[in-house]
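> just coords:
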């Protein structure tokens, strides 16, 4: 019942935000939700191929973060990653992220702490790579475009610093557990039964995070993150042009315009399937590049609909594969 209430609340929030965007942009519901139909088959298949490549790279990165002795096969992890991404994308406030631990334990026979450590490090690498990519995009646009806002230069520098900080946390992610331990002690949470269970889990995860950071595994995973996120920004760039934005939009502009939408999806602030928050980031990003609000809004919803369709397709295929793959205890 609580899950149904959370989903209903997130659906209502997404609908309210989309209604507000429609009123703000002056678009009708048909214009808001019909823009994806303007994408031709060649554009859609190119975007689908890029999306599929991103899934493979994401599964490979998960694999690299497991200890060699417990490392699952890439096929099993690809099915787990596809099914997990559907849950994480559709469920509100990223509550679906927990599905990765459940699926990995059942299908790959790894421990919950190892799966959680791989997931935590992966998400930190995502944030690090996105910040680095946005920082580069801001710097390129500030150096090469006369009409780029003056604040692109300091923003690019701030994002570069943030990328370094998050990168260090990804490399030393067990520090997060140490911070939690200090917090639990200060708030006396560790004196409660729930706190003691959480502390026991934190210690197991800390050990797994230390393992994930050994043998250069985080560095190898970071090297995979770079082409993975290049594929994501290329995916958005292909759809940006296919949905009617100017042919002059290059990769740096597409990265910046879509970057805030990506950040909104990474953080646990989204409603159902990210509707509303993703559009807000998209419109803000492309608005900074001078794209009219009605075109930016229509494009954001069009991209979101295509992205959701791909996520559902891959997620269903992942769930079918999970049902056919023998489980490991």
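Received it, and whenever you're ready, just let me know what you need. This structure is a prediction, so every number in the text was calculated from the model and none was measured.

> could you measure the closest residue to residue 89 other than its chain neighbours against residue 180, distance?
Nearest residue to residue 89 in three dimensions, chain neighbours excluded: residue 311, at 5.0 Å (CB to CB, 6 or more residues apart in numbering). All C-beta atoms are positioned from the backbone trio N, CA, C, and that covers glycine. Residue 311 sits 31 Å away from residue 180, going by CB to CB, to the nearest Å.

> now residue 255
33 Å.

> now residue 182, what's its secondary structure?
State at residue 182, reduced to three classes by DSSP: H, G, I helix; E, B strand; the rest coil: helix.

> okay, it and residue 81: tell me how far apart.
For residue 182, the distance to residue 81 - CB to CB - is 33 Å.

> more neighbours, those two?
residue 81 (28 against 10; other CB atoms under 10 Å).

> you'd agree that one is up against residue 59?
Yes: the criterion here is CB atoms under 8 Å, and residue 81 meets it with residue 59 at 4.4 Å.

> residue 316: neighbour count?
Neighbour count of residue 316, defined by other CB under 10 Å: 13.

> more neighbours: residue 311 and residue 180, which one.
Neighbour count, other CB under 10 Å: between residue 311 and residue 180, residue 311 has more, with 20 against 17.

> now do the helix or strand harbouring that one: which elements does it pack against?
Residue 311 belongs to helix 293-324 when elements are defined using DSSP states H and E. In terms of contacts (3 or more CB pairs under 8 Å, 6 or more residues apart in numbering; DSSP states H and E), helix 293-324 is packed against helix 2-25, helix 29-34, helix 41-64, helix 74-90, helix 98-108, helix 217-242, helix 277-287.

> measure how buried residue 183 is and give me the count.
Residue 183 has 11 neighbouring residues, counting by other CB under 10 Å.

> which residues does residue 217 contact?
64, 65 (CB atoms under 8 Å, 6 or more residues apart in numbering).

> from residue 118, how far out is it?
With distances taken as CB to CB, residue 217 is found 9 Å from residue 118.

> shared neighbours, these two?
With CB under 8 Å, 6+ apart, residue 217 and residue 118 have common neighbours residue 65.

> against the centre of the protein, work out the most remote residue.
Here the chain reaches farthest from its C-alpha mean at residue 191, the gap being 34.8 Å by CA atoms, centre = their mean.

> count the neighbours of residue 234 for me.
By other CB under 10 Å, the residues close to residue 234 number 20.

> list the contacts for the closest residue to residue 222 other than its chain neighbours?
If the residues on either side of it in the chain are set aside, residue 222 comes closest to residue 125, at 5.7 Å by CB to CB, 6+ apart. Residues near residue 125 by CB under 8 Å, 6+ apart: 61, 167, 170, 218, 221, 222, 225.

> which one (most neighbours) among those residues?
Most surrounded of the contacts of residue 125: other CB under 10 Å gives residue 170, at 27 neighbours.

> and residue 150, what helix or strand is that in?
Using DSSP H and E, residue 150 falls outside every helix and strand.

> and it, what does it touch?
By CB under 8 Å, 6+ apart, residue 150 lies in contact with nothing.

> residue 281 versus that one, what's the distance?
Taking CB to CB as the measure, residue 150 and residue 281 are separated by 21 Å.

> and the pLDDT at residue 275?
With respect to pLDDT, residue 275 scores 69.

> oh, and call the first residue 13 from now on, that's how I've got it
Sure, I'll start numbering at 13, so the last one becomes residue 287.

> give me the angle between whichever strand or helix holds residue 125 and helix 110-120.
Per DSSP H and E, residue 125 falls inside helix 124-156. When axes from the mean of the first three to the mean of the last three CA atoms, to 10 degrees is applied, the directions of helix 124-156 and helix 110-120 differ by 130 degrees.

> distance between the helix or strand that comes right after helix 124-156 and the chain's centre?
Once the chain leaves helix 124-156, the next helix or strand it forms, by DSSP H and E, is helix 164-183. What separates the centre of helix 164-183 from the centre of its chain is 17 Å, taken as CA atoms, centre = their mean, to the nearest Å.

> buried ones in helix 164-183, by neighbour count?
By 16 or more other CB atoms under 10 Å, the buried positions in helix 164-183 come out as 164, 167, 168, 171, 172, 174, 175, 178, 179, 181, 182, 183.

> how close does the last one sit to residue 140?
Taken as CB to CB, the spacing of residue 183 relative to residue 140 amounts to 9 Å.

> do the second one as well
Counting by CB to CB, the separation of residue 167 from residue 140 is 17 Å.

> one more: the third one?
Here residue 168 is placed at a distance of 15 Å from residue 140 (CB to CB).

> same question for the fourth one.
Using CB to CB, residue 171 is found at 10 Å from residue 140.

> what do you get for residue 108?
Per CB to CB, residue 108 is found 22 Å from residue 140.

> who has more neighbours, those two?
When residue 108 and residue 140 are compared for neighbours, residue 140 comes out ahead with 23 against 17, by other CB under 10 Å.

> now for that one: which residues touch it?
Residues in contact with residue 140 (CB under 8 Å, 6+ apart) are 175, 178, 179, 182, 234, 237.

> which one of those is nearest residue 87?
Closest to residue 87 out of these is residue 237 (21.0 Å), distances taken as CB to CB.
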